[in-house]
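1. here is my input; please provide its structure:
(one chain, ligands or ions: 1)
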Amino acid sequence: MINSIRLSILVALISILMLPADTESLAAVLDETVRVAIAKSASEITVAGEGLLVTDETGTPVVISLPASIKPFKDSLQVEGKQFKKLYFSASKSVYVNNKPYRGLAEVSVTDGGILVVNQLPLEEYLVGLINCEISSAWPIEAVKAQAIIARTYALNRKMARIASPYHLESSVIDQVYEGSLIEDSRAQRAVFETSGIVLTYNYEIIQAFYHSSCGGRTESCENIWGMSFPYLKGVSCQYCLTSPTATVWEYKLSLKELEERLKTAGYKISGLYDIKTGSQNSEGRLKDVSILASKGSLAITGEQFRKAIGYGFIKSTRFTLKNMKNEISFTGSGNGHGVGLCQWGAKQRALDGFVSAEILSYYYPGTELKKLSDIR
Ligand SMILES: [Zn+2]
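-> Sure, this is the predicted structure:
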């Protein structure tokens with residue numbers, strides 16, 4: 001019985017992905033572009049490339065020698081002694097910014113005294129570049145396709161939220177990691193092409209497709225971490241990422257002295273730190289708070305605030321225990337990232353277990369539906 005229900009759901013889900021790409025939906029997705037910040041507050045950038053077309057803010061072609069070194073000068077750009085408000089670089093293949101290749105257009109301007117470079121390019125080309133920055137395209141293709149769909153969904157959701165901003169997306173873990181076309185390959189291209197124009201929706205709206213590296217056993221509810229409640233971002237059990245312990249389990253040791261320094265640098269006014277204690281756990285098994293015990297300024301902060309203060313790369317999740325070894329605290333944890341939405345390492349294991357991308361996504365985002373962009377606009 002369960003197998004026959006699963007089969008019928010599977011058939012329904014696959015049928016969405018197997019629909020032939022009609023002209024309208026293809027046009028909708030090919031027209032879609034995104035603007036990604038690839039350098040911010042820079043004191044200097046270099047731009048290079050073959051056959052580059054360079055124009056200023058009025059669209060007038062500009063002749064400069066390449067590679068060009070560009071610096072801010074008051075509220076303008078300075079290059080070879082000339083000043084410009086904005087410069088646009090485009091090429092038939094790639095524009096190199098700080099030695100990395102980018103497709104589409106590089107828009108260079110000065111914001112708050114530093115250089116801002118925005119890469120504007122077709123959404124689908126952005127996704128091909130992104131895949132190997134977020135996971136490995138060598139993973140089972142259904143996991144790679146799931147990544148392509150959530151990255152597309154995430155990008156479009158952010159684009160709608162930031163439509164009036166100078167750019168839609170950061171190129172770091174703040175949004176999605178993106179290194180231009182530096183590490184794109186044919187499998188990344190295949191996953192993007194085979195899911196072209198497909199997004200994850202709830203009530204016909206593009207969802208907030210948060211995702212993370214590994215959850216360590218159960219994903220986190222969005223409400224617990226950011227105070228926003230979404231019916232499709234509740235915690236779900238995930239034992240799948242635990243099959244990749246090197247990506248999931250972590251340890252970190254830090255002296256009390258260094259811990260105190262990091263907390264002070266993060267703005268906490270403490271002195272004489274002598275212990276750290278973990279507080280209660282939330283509904284999904286993650287730490288709600290951490291107590292910092294010091295001769296002056298003892299306080300309790302949330303698990304996420306603690307991660308931020310010590311470093312997200314060291315305290316990889318709020319699913320951890322600790323031991324005080326006299327002058328040193330030893331942290332042991334599982335999971336990497338905030339834990340909300342799809343667990344990438346879990347998705348990999350589910351794909352290895354034979355699940356298709358549609359099933360992987362409906363597991364991590366319950367109640368959502370895959371739709372073509374052209375069907376919801
Ligand atoms: Zn997981």
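
2. which residue is the nearest non-sequential neighbour of the residue of the stretch 51-200 of the chain found nearest the ion?
-> Residue of the stretch 51-200 of the chain nearest the ion, by Cβ to the ion: residue 143 (12.4 Å). For every residue, glycine as well, the C-beta is placed using N, CA and C. Ranked by Cβ to Cβ, 6 or more residues apart in numbering and with sequence neighbours excluded, the top spatial neighbour of residue 143 is residue 351, at 3.8 Å.

3. would you confirm that the residue of the stretch 51-200 of the chain closest to the ion contacts residue 360?
-> Yes: using Cβ atoms under 8 Å, residue 143 is in contact with residue 360, at 6.9 Å.

4. now the common contact residues for the two.
-> When Cβ atoms under 8 Å, 6 or more residues apart in numbering defines a contact, the residues bordering residue 143 and residue 360 alike are 347, 350-351.

5. mind listing what's buried along the helix or strand containing residue 88?
-> Assigned by DSSP states H and E, residue 88 belongs to strand 86-90. Buried positions in strand 86-90, judged by neighbour count with 16 or more other Cβ atoms under 10 Å: 87-90.

6. which SS state does the residue most central in space within the chain fall under?
-> The chain has residue 176 as the residue nearest its centroid, 2.5 Å off, counting by Cα atoms, centre = their mean. Here residue 176 is coil, with the state taken from DSSP: H, G, I helix; E, B strand; the rest coil.

7. buried set for stretch 57-67?
-> Under the neighbour-count rule (16+ other Cβ under 10 Å), stretch 57-67 has residue 64 buried.

8. what sits up against it?
-> With contact meaning Cβ under 8 Å, 6+ apart, stretch 57-67 is reached by 46-49, 52-56, 79-80, 82, 84-87, 96.

9. re the thing from before, quick one: which of the shared contacts of residue 143 and residue 360 is nearest to residue 122?
-> Nearest to residue 122 among the shared contacts of residue 143 and residue 360: residue 347, at 25.1 Å, using Cβ to Cβ.

10. on that earlier part again, number of nearby residues for the residue nearest to residue 143?
-> A count of nearby residues for residue 351, using other Cβ atoms under 10 Å, gives 22.

11. ok, it touching residue 146?
-> Yes: using Cβ under 8 Å, residue 351 makes contact with residue 146 at a distance of 7.4 Å.

12. so where do the helices sit in the chain?
-> Along the chain, counting by DSSP state H, helices occupy 2-18, 23-31, 123-134, 141-161, 186-194, 222-226, 245-248, 256-265, 303-310, 344-352, 357-364, 373-376.

13. mean pLDDT and distance to residue 293 added to those, as CSV?
-> Below are these laid out as CSV (pLDDT from 0 to 100; distance: least, Cβ to Cβ, whole Å):
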stretch, mean pLDDT, distance to residue 293
helix 2-18, 45, 51
helix 23-31, 60, 55
helix 123-134, 97, 38
helix 141-161, 97, 39
helix 186-194, 97, 48
helix 222-226, 93, 25
helix 245-248, 93, 30
helix 256-265, 97, 10
helix 303-310, 96, 13
helix 344-352, 98, 34
helix 357-364, 98, 37
helix 373-376, 88, 52
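
14. would you turn these into a markdown table with distance to residue 273?
-> Formatted as a markdown table, the helices of the chain follow (distance: least, Cβ to Cβ, whole Å):
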| stretch | distance to residue 273 |
| --- | --- |
| helix 2-18 | 52 |
| helix 23-31 | 53 |
| helix 123-134 | 36 |
| helix 141-161 | 38 |
| helix 186-194 | 46 |
| helix 222-226 | 26 |
| helix 245-248 | 29 |
| helix 256-265 | 4 |
| helix 303-310 | 12 |
| helix 344-352 | 34 |
| helix 357-364 | 38 |
| helix 373-376 | 52 |
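
15. which phi and psi does the closest residue to residue 297 other than its chain neighbours have?
-> The shortest distance from residue 297 to any residue other than its chain neighbours is 3.8 Å, reached at residue 270 (Cβ to Cβ, 6+ apart). Residue 270 adopts backbone torsions of phi -130, psi 160, taken as degrees, to the nearest 10.

16. burial of residue 270, as a residue count?
-> Residue 270 has 17 nearby residues by other Cβ under 10 Å.

17. ok, now residue 300?
-> Per other Cβ under 10 Å, the neighbour tally for residue 300 reads 14.

18. ok, now how distant is residue 111 from residue 77?
-> 11 Å (Cβ to Cβ, to the nearest Å).

19. the two: which is more packed in?
-> In this view residue 111 and residue 77 are compared by other Cβ under 10 Å, and residue 77 has more residues nearby, 22 against 13.

20. contacts only, for residue 327.
-> 255-257.

21. how about the contacts made by the residue nearest to the centre of the chain?
-> Contacts of residue 176 (Cβ under 8 Å, 6+ apart): 130, 133-134, 151, 154-155, 169-170.

22. rewinding a little: show me the contacts for the residue nearest to residue 143.
-> Taking Cβ under 8 Å, 6+ apart, we find residue 351 in contact with 139-143, 146, 357, 360.
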